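Asker: Sequence and predicted structure below; questions after.
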Amino acid sequence: MLKAADTLGVVFFPAYDWAISPTHPERQERLLYTQDQLREEGLFDIPGVREYKPDVALAHDVDLAHFTFPGVEEVLTSSHLVSAGGAMRAARLVMEREARRAFALVRPPGHHAMKVVHGTRGFCTVNVEAVMVETLRERYGVRRIAIVDTDCHHGDGTQDVYWHDPDVLFISLHQDGRTIYPGSGFPYELGGPTAMGSTCNIPLLPGTGDQGILHMLDHVVLPLIERFRPEIVINSAGQDNHFSDPITNMNFTAQGYAELTRRLGADIAVLEGGYSIQGALPYVNLGICLAMAGIDASGVVEPQYDPERVKQEQRITDYTLSLSDQLMSYFLDPPAMPKHGKAEGEWFVREKEVHYDTDAIFERQREKVLLCPDCSGVVSIESRADSGPLCLGVQIPPGACDACRERGHEEFETGQRSRNYRRAMLVDRPGRAVKRVLI
Amino acid sequence: MLMGIDVGGTHTDAVLVCRKGLLAWAKAKTHHGDLMRSIREVLTAIAAKAGAKAISRLNLSTTLSTNAIVEGLTEPVGVFVSAGPGIDARAYAVGEHYAVIPGCTDHRGRVTRPLDEARAREHAARCKAAHVSVYACVSKFSPRNPEFEESLRAVVHPQADFVSCGHEFSGQLGFPRRIHTAACNASVWRVFNRFADAVQRAALDFGLMGQVNILKADGGTMPLSVSRSFPVESILSGPAASVMGIIAVCDIAEDSVILDIGGTTTDIALFAEGAPLIEPDGAVISGRPTLVRALKTRSIGVGGDSALSVLEGQVRVGPRRLGPSMAEGGERPTLTDALNVLGRAELGDVSASRRGVNELARANGMDGETLAQDAALAAVTSIRAAVIELTRAVNDRPVYTIYELLEGKRVAPSRVYVMGGPAKALEGLLSEVFPEEVVVPEGYAVANAIGAALSRPTLSAELFADTQRGRMLIPGLDVEQDVPRTYSLDEAQADAAQRLGDYLNQLGVADPEALVETLEAQSFNMVEDGELVGRSIRVKCQVKPGVLPGYREAVRQPC
Ligand SMILES: [Zn+2]
Ligand SMILES: [Zn+2]
């Protein structure tokens, strides 16, 4: 009889009544065949593997991760709160030791949702991992967290949420941004001035297969995690690196994903993208579940699998070898300041433009972080979506020093008095308070 | 007139019910080596009162298949399994004649690698040489395409006395469950059919002309002729009879808990708005899950015969049964003895109970009265804990739509119905630990047999249609047909209901009052390259389990 070596909780929530549009890749059908496969394989009958239903996130949970304008109720639908709640449930399972590991197989995905949210971009509205990470901190006091994003697209949203956070190591493996959405995720993106080296981007050439990704895992991801010493490891488990994915150009297989999952040994995985809903997702998701539970996954092979077709070209192998060396030397000896942005007095300022492709919104941001010697510093973001009103978000990070707490409240009050902003939001993490004002 | 016989673990109960009420009842000891003897005994006692000719229907619940499986009195089965990619199918091996045959069908029922029939023939030859004569053929995703199972059956049919195919049991997915279900079914086929022969003979001897049905785990019945091919469906029909009995005897409309406290175990069932809950995936037989549709019941090792023990000053009840109570000549004090000591029961030799309980108390530095009190309290407390756990699990069950999740109905029992031997004796104590109203129906001792008598045929079916492939299947009813690309969810729902009705007619058990309900109906757009190419339609419906309304008034008791 089969038995899980590590107990696994699977929060499966296919949201069979939600879609962006009837033929959109992110639609009701997306997890249908995964469910068929998991059911048929009898995954949830294996002792040690159990299925759970999601929690539902509250507006307050979202506020800890995002500045949502005009507000959580206006921008998010229930499906987003359920998806984030699914990730929260996974965290709860692991933290309360109901399961050794947990996998939130939920939709819609979240890793393109940035710190400020005005709408949906890259099929994502709320960053479900970020909501989960903030839950881990608020409810369970976890501090150091590593997030490994294995989606084929750069996890630009998660990167943005944790750009100024030295306690979150964010590593993204993805198809080179010059060849695919969202066009970011280059090695010089290393984190903000107070968190340099807590972001790591690993851009891969189109056509990279199992060999290349596993090489990067062994030679960059795992060493960085070891150096960082996180209390918990999270996998943003996007599955669009698969050779059959219709919107990407990689050559990853179900076996590759299972092996990656096994070697990474993440405590929690959260489903991200993956749009080959018949040819890849049923097999990749099964492979990941088995690997997380410590069950042999070697029999999980896609029906269309052809070793010749997914073989990695030599030039790609050469590139991955040199990239891993470069990246490591970069991390061991990083530049003093980020490539983009400039110091203005005590603040470090970065101008940003964000395009919400799904909702056709264009946003301009002026983001600044206080260059504090004692903590990661207050973050203040001024944001305007299209021709809408100017909004302000101020965050006093967890672990902020007293001076920064004071500066954060000051920044928020000055913002209100200035009458420059229509909406303003303050998140005071050490004070466990969130304030929203309409001016 | 309806007759119900419930062959239980200790007693075999029989009742005769007419439209005016309960006409007769009888009780006999269950002879495990010879169930027919017990059945004949109660038949003799009852048939005389009614005149066998007046009995239009005999419903029988039996533990035969369950016992055969639990006691390992089954015969070896040749198992043919076709798996394809996924979890290694060798992990699901049952018995010594198990082979994995190469070939693969995917989740939509498309064959992605042909079946290796030569390998199947080799395995058939090995089985033949080993004198195996019953078989199970199971393939992955057979509810989406039973082709491989049919091919395997064709290979082994010439040498087989009986072949079970996985898709005949359910349209529900669950490959390991399907393997276990088909293999169990084949393994009890012969012993069950001998029993069925004997039942038929006994019916004939008594001049019984009515239809004979066997009770199923989901609280419904199947004709004896059908049970011959699906004996595994008769497992766990004991708890099902109890549950149906409560439905028959009491008018349950709200969320409730049913406790059937027997000699060795307490069976717990839940009702939501008066309807018993069904196990969504299937019953567990000897530790392995199956696709056998069953009422949702939990069993804990607390019953009248549960032995008492003291561990570090803590009095414990069960889970072992070490013989009968001392009041009935046993050697160790039991829960029944404790109830005797407390004056809550008066069963057998009360002084023997007192002696046993006092002795155990002395050995642990307690007095007998306290020990008995603690034991009774421990029993009701663990029953309550199990009820809470089951309710929690039901309310925690996964849902897949936002609507269900946000609007999710929770089961919140307001009454606890108690039946079984120790029911009356425990009533007071149960009332103390349960905040819900505790009810012991008057006829609690034979309610199970009444339940058996009044149960109606049930059937469920899962329909699966793929309009891109132009196919519709209802595996459990052996329906497979072409459908146009325009085939819709409404048509699918109508087809499923229609086919269920047809099948019941075909079995000769058409029930005009039967209510076909749709449990699930979903249609998914299938999109390829941004184009809508078809729909994947899934419908699940059932003939709602229940008791015959015409007789219900007659057996209604104060509850
Ligand atoms: Zn992606
Ligand atoms: Zn500071």
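Answerer: Received it, and whenever you're ready, just let me know what you need. In this text the structure is predicted, and so the values were computed from the model without any measurement. Numbers count the residues shown, from 1 in each chain, chains lettered A, B, ... in the order given. Ligands and ions are numbered 1, 2, ... in the order given.

Asker: since we're on residue 115, how many residues are nearby?
Answerer: I'll assume chain A. Applying other Cβ atoms under 10 Å in any protein chain shown, we find 26 other residues in the vicinity of A:Lys115. Placement of C-beta: from N, CA and C, glycine included.

Asker: Not quite, go with chain B.
Answerer: For B:Leu115, which is what you asked about, the neighbour count (other Cβ under 10 Å) is 22.

Asker: quick one: it and B:Ala154 touch, right?
Answerer: No - assessed by Cβ atoms under 8 Å, B:Leu115 is found out of contact with B:Ala154, at 10.7 Å.

Asker: How about residues contacting stretch B:149-165?
Answerer: B:78, B:80, B:82, B:101, B:115, B:117, B:120-121, B:124, B:127-128, B:133-139, B:142, B:146, B:166-167, B:182-183, B:185-186, B:189-190 (Cβ atoms under 8 Å, 6 or more residues apart in numbering or on different chains).

Asker: who's in contact with the nearest residue to B:Val155 once chain neighbours are set aside?
Answerer: Counting by Cβ to Cβ, 6 or more residues apart in numbering or on different chains, the nearest residue to B:Val155 once its immediate chain neighbours are dropped is B:Ala120, at 4.7 Å. Taking Cβ under 8 Å, 6+ apart, we find B:Ala120 in contact with B:Phe80, B:Ala99, B:Ile101, B:Ser151, B:Leu152, B:Val155, B:Val156.

Asker: Closest one to ligand 1 out of those residues, please.
Answerer: B:Ile101 (38.3 Å; Cβ to the ion).

Asker: returning to what we had before: from the contacts of B:Ala120, which two are the most distant?
Answerer: Greatest spatial distance in the contacts of B:Ala120: B:Ala99 and B:Ser151, 14.3 Å, computed using Cβ to Cβ.

Asker: Just to be sure, the residue nearest to B:Val155 is in a strand?
Answerer: No - applying DSSP: H, G, I helix; E, B strand; the rest coil, one finds B:Ala120 to be helix, outside a strand.

Asker: and the residue of the stretch 251-400 of chain A nearest ligand 1?
Answerer: Taking Cβ to the ion as the measure, the stretch 251-400 of chain A has A:Gly273 as its residue closest to ligand 1, at 2.8 Å.

Asker: Check what pLDDT that residue gets.
Answerer: Per-residue pLDDT puts A:Gly273 at 94.

Asker: for it, phi and psi?
Answerer: Dihedral angles of A:Gly273 (phi, psi; degrees, to the nearest 10) stand at phi -80, psi -160.

Asker: contacting residues around it?
Answerer: A:Pro109, A:His111, A:Phe123, A:Asp151, A:Cys152, A:His153, A:Gly238, A:Gln239, A:Asp240.

Asker: right, and the fourth one touches A:Asn235 too?
Answerer: Put plainly, it is A:Asp151. No - with contact taken as Cβ under 8 Å, A:Asp151 and A:Asn235 are classed as non-touching, separated by 9.9 Å.

Asker: how far away is the residue in chain B positioned nearest to ligand 1 from ligand 2?
Answerer: When scored by Cβ to the ion, chain B has B:Gly530 as its residue closest to ligand 1, at 17.2 Å. Taken as Cβ to the ion, to the nearest Å, the spacing of B:Gly530 relative to ligand 2 amounts to 50 Å.

Asker: near chain B, which residues of the stretch 201-350 of chain A?
Answerer: A:246, A:278, A:282-283, A:286, A:290, A:295-296, A:298-303 (Cβ under 8 Å from any Cβ of the partner chain).

Asker: and with 6 Å instead?
Answerer: Where the stretch 201-350 of chain A comes near chain B, counting by Cβ under 6 Å from any Cβ of the partner chain, the residues are A:Gly299, A:Val300, A:Val301, A:Pro303.

Asker: Mind checking which of these land in helices?
Answerer: Secondary-structure check on those using DSSP state H: no residue lies within helices.

Asker: and of those residues, the nearest to ligand 2?
Answerer: Proximity to ligand 2 was ranked across those by Cβ to the ion; first place goes to A:Val300, at 48.5 Å.

Asker: I'd guessed that closest one sits against A:Cys289; true?
Answerer: No - in this structure, A:Val300 sits apart from A:Cys289 without contact. The criterion is Cβ atoms under 6 Å, and the distance is 9.6 Å.

Asker: Ramachandran angles for A:Asn420?
Answerer: Here A:Asn420 shows phi and psi, under degrees, to the nearest 10, equal to phi -80, psi -20.

Asker: Let me know how buried it is, in neighbour terms.
Answerer: Other residues within reach of A:Asn420 by the criterion other Cβ under 10 Å amount to 14.

Asker: Skipping its backbone neighbours, what lies nearest it in space?
Answerer: Closest to A:Asn420 by Cβ to Cβ, 6+ apart is A:Leu390, at 5.9 Å.

Asker: gap between the residue of the stretch 251-400 of chain A closest to ligand 1 and ligand 2?
Answerer: Distance, A:Gly273 to ligand 2, by Cβ to the ion: 36 Å.

Asker: quick one: that residue from B:Ala129, how far?
Answerer: For A:Gly273, the distance to B:Ala129 (Cβ to Cβ, to the nearest Å) stands at 53 Å.

Asker: so who does A:Glu73 touch?
Answerer: Listed by Cβ atoms under 6 Å, 6 or more residues apart in numbering or on different chains, A:Glu73 has no contact partners.

Asker: What is the subsequent helix or strand relative to the helix or strand where it lies?
Answerer: Secondary structure assigned from DSSP states H and E places A:Glu73 in helix A:72-75. Next along the chain after helix A:72-75, taking DSSP H and E as the criterion, comes helix A:78-95.

Asker: helices or strands next to the helix or strand that that following helix is followed by in the packing?
Answerer: Scanning forward in sequence from helix A:78-95, with DSSP H and E defining helices and strands, the next element found is strand A:101-106. With contacts defined as 3 or more Cβ pairs under 6 Å, 6 or more residues apart in numbering or on different chains; DSSP states H and E, the packing partners of strand A:101-106 are strand A:8-13, helix A:78-95, strand A:268-271.

Asker: Which secondary structure state is assigned to residue 406?
Answerer: With no chain named, the answer covers chain A. When the structure is reduced to helix, strand and coil (three-state DSSP), A:Glu406 reads as helix.

Asker: number of nearby residues for it?
Answerer: Per other Cβ under 10 Å, the neighbour tally for A:Glu406 reads 13.

Asker: got the contact list for it?
Answerer: Contacts here follow Cβ under 6 Å, 6+ apart; on that basis A:Glu406 touches nothing.

Asker: Give me the mean pLDDT for stretch B:340-360.
Answerer: 93.

Asker: Quick one: end-to-end length of it, please.
Answerer: With Cα to Cα, to the nearest Å as the measure, the first residue of stretch B:340-360 is 15 Å from its last.

Asker: Buried ones in it, by neighbour count?
Answerer: Of the residues in stretch B:340-360, those with enough neighbours to count as buried (16 or more other Cβ atoms under 10 Å in any protein chain shown) are B:340-342, B:344-345, B:347-348, B:350, B:352-358, B:360.
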